[in-house]
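In: generate a structure from the sequence data that follows.
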Amino acid sequence: MEDLDTVRAALSAVADRMPPPRFPDRAWRRGRRRRVVRRGAVALTVIVVLLTVPLWWPGAGHHRAEPATPDGSSGVLPSRAAAATFGRPTIASSPPGPAVLVYDDDRPFTLDETETVAVGRDGRYRVRDQVRGHSRGHVSPDGRRLLEGYDRVLDLTTGEITRLNGAHPSTWSRDGNTVAAVENDSTVNLIDLGTGRVRISHAVHGTISRAGPAIAPDGDTVVVPVAGGDVGEHRLIRIDPAGPVRWDVPVNGFFLDDPVVFSPDGRQLATTVDHCDARTRNCPGDHLGRAVVLDAATGAEVRRLGRADRVLGFRDGDVVALRFGTGETTVVQLGPGAERTLMTLDKDMVNPDIPLDLVEHGTFGGRADWPDRFEASWWVWGMFTAAGLPVVWLAWRIGRRVRAQMR
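Out: Numbers count the residues shown, from 1 in each chain. You can find the predicted model right below:
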């Protein structure tokens, strides 16, 4: 036992005389550097995942329209569409081709300016500033041309503009070769787009609606919405090609600024009415519009359908119309005692218009056609790059200083 105690005392004395163990400074710096790199890699991974959410999150990214046919038109409309985001290419610089949808939107960073947005059948969104003081007209039945401004016809496939010498066109014929223009609020002119000349001209008593007349499938007969002298005295007038008025009927509750549309066979008309008293404007109930079908031969009302705010056309004998809501706009097909939602539009898509050919014969219910989050003009990407360079430089400077302190 004494020998063991002697050994312990000797070892303890040696231990007391030995210096404390120390790791080299290089090893400490290497460990701190590894921790910083590890944390930076985790932070970078989180940032990359967040930035790429629109690419992989279901419904958040962009889905192209259905594959196009050899003639360049798919004939398939998306089940849902959202308004375009900031920085879209223009129609002039990159024409979208035949449109599946046209609407208005507020121009970014302005107070009262509006831009037209055209959605191509391949899902591309293109924009164009509207002519100040003049509202946009309708898109052609085939989706290739657009009435805009005071006397302009915009070709959506080339971006070129044709002028009509002061005419104010508002509606198209079914073949797209003729437009109806209103002159001095009381004269209807049918203009041949091939020659730019007026083929037929009709004068009416009263003020013609801003929505403009409806052109029958024969290309010459027109139905003109007119406001009379008394409050609420709204009328529809059918004028035959030779000039005589076929019928002139008052329409109780007719929305004067809403369009009138012929059926494909020309036997019926569709428009929207309310159930307010035409003279007193007393409105029972909800004061919501209804779609109404009229006999094109007599002007007599045939039937009233469900709620509608603007008629787009006919489809399989039913009426296709827009229904505006607080959060979204829907395209509905209204039949006797039945209705079906065909398409849903974002609430920011103002005054939407769908080509007549697609309303009548297109396929609704395609894949959701959200705009591409990353499709923008070159100057938008340049702006973000210029804004990001100082951030990159600052991060490099901070990293360099941190590395210097760890040495």
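In: what's the span of stretch 160-180 from first residue to last?
Out: 21 Å (CA to CA, to the nearest Å).
In: could you give the mean pLDDT of it?
Out: Mean pLDDT, stretch 160-180: 85.
In: cool, stretch 352-371 as well?
Out: 82.
In: which of the residues in that stretch are buried?
Out: 352-360, 362, 364, 366, 369-371 (16 or more other CB atoms under 10 Å). All C-beta spots, glycine's among them, are computed from the backbone N, C-alpha and C.
In: among these, which are in helices?
Out: Here DSSP state H is the test, and those give L356, D357, L358, V359, E360 as lying in helices.
In: now the second one: closest residue in space, sequence neighbours ignored.
Out: Taking CB to CB, 6 or more residues apart in numbering as the measure, D357 lies nearest to P141, with 5.0 Å between them; neighbours along the chain are not counted.
In: where's that neighbour, which helix or strand?
Out: Per DSSP states H and E, P141 falls between elements, in no helix or strand.
In: that one reaches L356, doesn't it?
Out: Yes: the pair P141 / L356 is scored as a contact, 4.0 Å apart, by CB atoms under 8 Å.
In: mutual contacts of those two, please.
Out: Common contacts of P141 and L356 (CB atoms under 8 Å, 6 or more residues apart in numbering): W172, R174.
In: which residues does the residue lying closest to W172 once chain neighbours are set aside contact?
Out: Once flanking residues are discounted, W172 sits nearest to S140: 5.3 Å by CB to CB, 6+ apart. Taking CB under 8 Å, 6+ apart as the criterion, S140 is in contact with L146, W172, G176, P355.
In: how much space between S140 and A297?
Out: 27 Å (CB to CB, to the nearest Å).
In: three-state assignment of R34?
Out: Following DSSP: H, G, I helix; E, B strand; the rest coil, R34 is assigned to helix.
In: can I assume T90 is in contact with A118?
Out: No: under the criterion of CB under 8 Å, T90 is not in contact with A118, lying 10.2 Å apart.
In: joint contacts of the two?
Out: With CB under 8 Å, 6+ apart as the test, T90 and A118 both reach R126, V127, R128.
In: JSON lines for those residues, including pLDDT, distance to E328 and secondary structure?
Out: Below are the shared contacts of T90 and A118 laid out as JSON lines (pLDDT from 0 to 100; distance: CB to CB, whole Å; DSSP: H, G, I helix; E, B strand; the rest coil):
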{"residue": "R126", "pLDDT": "86", "distance to E328": "23", "secondary structure": "strand"}
{"residue": "V127", "pLDDT": "83", "distance to E328": "21", "secondary structure": "strand"}
{"residue": "R128", "pLDDT": "83", "distance to E328": "24", "secondary structure": "strand"}
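In: adding neighbour count, write those residues out as a markdown table.
Out: Conversion of the shared contacts of T90 and A118 to a markdown table gives the following (neighbours: other CB atoms under 10 Å):
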| residue | neighbour count |
| --- | --- |
| R126 | 24 |
| V127 | 21 |
| R128 | 19 |
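In: apart from its neighbours in sequence, what residue is nearest P169?
Out: V179 (4.0 Å).
In: what about V14, how many neighbours?
Out: If you count neighbours by other CB atoms under 10 Å, V14 ends up with 9.
In: hmm, back to that, between the buried residues of stretch 352-371, which sits nearest L312?
Out: Lowest distance from L312 to the buried residues of stretch 352-371 (CB to CB) belongs to V359, with 5.0 Å.
In: what's near enough to touch the closest residue in space to that closest one that isn't next to it in sequence?
Out: Nearest in space to V359, with sequence neighbours left out and distances taken as CB to CB, 6+ apart, is G313 at 4.0 Å. Contacts for G313 (CB under 8 Å, 6+ apart) come out as V261, A270, V319, V320, L356, V359, E360.
In: check which element follows whichever helix or strand G313 is part of along the chain.
Out: Assigned by DSSP H and E, G313 belongs to strand 310-315. Following strand 310-315 in sequence order, the next helix or strand is strand 318-324 (DSSP H and E).
In: after that following strand, next one along is what?
Out: strand 328-335.
In: what residues are bridge-paired with H234?
Out: Counting by DSSP bridges, H234 is bridged to A227.
In: number of nearby residues for it?
Out: When neighbours are counted by other CB under 10 Å, H234 registers 20.
In: how much space separates it from D274?
Out: Between H234 and D274 the computed distance is 11 Å (CB to CB).
In: also G399?
Out: 67 Å.
In: of those two, who's got more company?
Out: The neighbour count for G399 versus D274, taken as other CB under 10 Å, is higher for D274 (19 against 12).
In: wait, isn't the more buried one in contact with L288?
Out: Yes: contact status for D274 versus L288: in contact at 7.1 Å, counting by CB under 8 Å.
In: which residues touch the closest residue to L322 other than its chain neighbours?
Out: With sequence-adjacent residues excluded and distances taken as CB to CB, 6+ apart, L322 is closest to R310, at 4.5 Å. Applying CB under 8 Å, 6+ apart, we find R310 in contact with D258, P259, T272, A321, L322.
In: ok, back up a step: ok, the residue nearest to P169 touching T171?
Out: Yes: counting by CB under 8 Å, V179 does reach T171; the two are 6.8 Å apart.
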